[in-house]
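Novice: Got a predicted model here, sequence first, then my questions.
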Amino acid sequence: MDLLLLSNSRNHGQELLAHARDEIDDFLGTVRRIVFVPYALADHDAYTASIASALEPIGVRVEGVHRFPDPGQAIREAEAVFVGGGNSFRLLKTLQSTGLVEAIGPRVRAGELRYLGSSAGTNMACPTLRTTNDMPIVQPTSFAAFGFVPFQINPHYLDPDPTSTHMGETREQRLIEFLEENDVPVLGIREGGWLRVHDGHARLGGANGARLFLRGERPRELAPDADVSFLLHAEPRYDVGPEQRS
């Protein structure tokens, strides 16, 4: 499988995808056309246009999957797909209702389709969307996502602020709460970072590193460019297992 999983699509003070444009260019290689999945936001045309503008400097042509009469056929004819960020619940529900779970999943697993995800799109690469930061504004038929990696990712990971007077849970507390019910690694990728997976290897990218959460252990700091291939051999155990995808 070829995966590039971005924590976010925009860094503070930068244009859309500017922080990861070189990595995207390298990831795509000779592929210069990408099918974009804009279902995590409400305005599909505007979202697709913004991504097209962001990738134009590297000569990548972007086509929105929502514009095809048969979205599944668009995926079957593509060499690369980009699943964008927004609300993870809305994204997964629409992937399910349009048949794109079945269209995208097998081709990515077979190495026939490169998968680029950002934020909610990165959540979709995990077994479930349970470690999303989003509000459940709609109800998917299940929480089961693509499961390209056997661990969970928390995009936009935010470190606890010791000076904050906010009394709600920190991101760290929420992920530890998740691990009280599920035994599966969680990789918290800070903004500006990403995970690159290729040929059985996984490596962090970007400048800010990540935080690894394991059940019964203290959170572990991972440096930028860390090799995290060991996570690809995780054996996740959920309180109710996600459906198996063929």
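Specialist: The structure has been received and is ready for your questions. Numbering: from 1, shown residues only.
Novice: tell me which element the residue located most distally from the centre of the chain falls in.
Specialist: What lies farthest from the middle of the chain is Thr165; by Cα atoms, centre = their mean that is 30.7 Å. Element membership for Thr165 (DSSP states H and E) is empty, with no helix or strand holding it.
Novice: tell me the contacts of it?
Specialist: Residues near Thr165 by Cβ atoms under 8 Å, 6 or more residues apart in numbering: none. C-beta: built from backbone N, CA, C; applies to glycine.
Novice: May I have the predicted confidence score for it?
Specialist: You'll see Thr165 listed with a pLDDT of 75.
Novice: Where does Arg21 sit, in terms of helix or strand?
Specialist: Under the assignment here (DSSP H and E), Arg21 is part of helix 21-28.
Novice: Grab the most central residue of this structure for me.
Specialist: Central residue of the chain (Cα atoms, centre = their mean): Thr122, at 0.3 Å.
Novice: Which residue comes closest to that residue once chain neighbours are left out?
Specialist: Nearest non-adjacent residue to Thr122, counting by Cβ to Cβ, 6 or more residues apart in numbering: Leu5, 4.2 Å away.
Novice: How is the one you found assigned, secondary-structure-wise?
Specialist: Three-state call for Leu5 (DSSP: H, G, I helix; E, B strand; the rest coil): strand.
Novice: Kindly report the same for His156.
Specialist: Per three-state DSSP, His156 ends up strand.
Novice: pretty sure it contacts Ser119?
Specialist: Yes. Counting by Cβ atoms under 8 Å, Ser119 is a contact partner of His156 at 6.7 Å.
Novice: other SSEs contacting the helix or strand hosting Ile153?
Specialist: Taking DSSP H and E as the criterion, Ile153 maps to strand 152-157. Counting contacts by 3 or more Cβ pairs under 8 Å, 6 or more residues apart in numbering; DSSP states H and E, strand 152-157 is packed against helix 120-123, helix 171-181, strand 186-190.
Novice: any chance of these in TSV, with distance to Gly216 too?
Specialist: What follows is those, written out as TSV (distance: least, Cβ to Cβ, whole Å):
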stretch	distance to Gly216
helix 120-123	24
helix 171-181	8
strand 186-190	13
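Novice: all strands of this protein, in order?
Specialist: Listed in chain order, the strands of the chain (DSSP state E) span residues 2-6, 33-37, 61-64, 80-83, 114-118, 152-157, 186-190, 193-198, 201-206, 210-213, 220-222.
Novice: Could you export the ones you listed as JSON lines, including mean pLDDT and mean neighbour count?
Specialist: Below are the strands of the chain laid out as JSON lines (pLDDT from 0 to 100; neighbours: other Cβ atoms under 10 Å):
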{"stretch": "strand 2-6", "mean pLDDT": "98", "mean neighbour count": "25"}
{"stretch": "strand 33-37", "mean pLDDT": "98", "mean neighbour count": "23"}
{"stretch": "strand 61-64", "mean pLDDT": "97", "mean neighbour count": "16"}
{"stretch": "strand 80-83", "mean pLDDT": "98", "mean neighbour count": "25"}
{"stretch": "strand 114-118", "mean pLDDT": "98", "mean neighbour count": "26"}
{"stretch": "strand 152-157", "mean pLDDT": "97", "mean neighbour count": "25"}
{"stretch": "strand 186-190", "mean pLDDT": "97", "mean neighbour count": "25"}
{"stretch": "strand 193-198", "mean pLDDT": "98", "mean neighbour count": "22"}
{"stretch": "strand 201-206", "mean pLDDT": "97", "mean neighbour count": "18"}
{"stretch": "strand 210-213", "mean pLDDT": "97", "mean neighbour count": "21"}
{"stretch": "strand 220-222", "mean pLDDT": "96", "mean neighbour count": "13"}
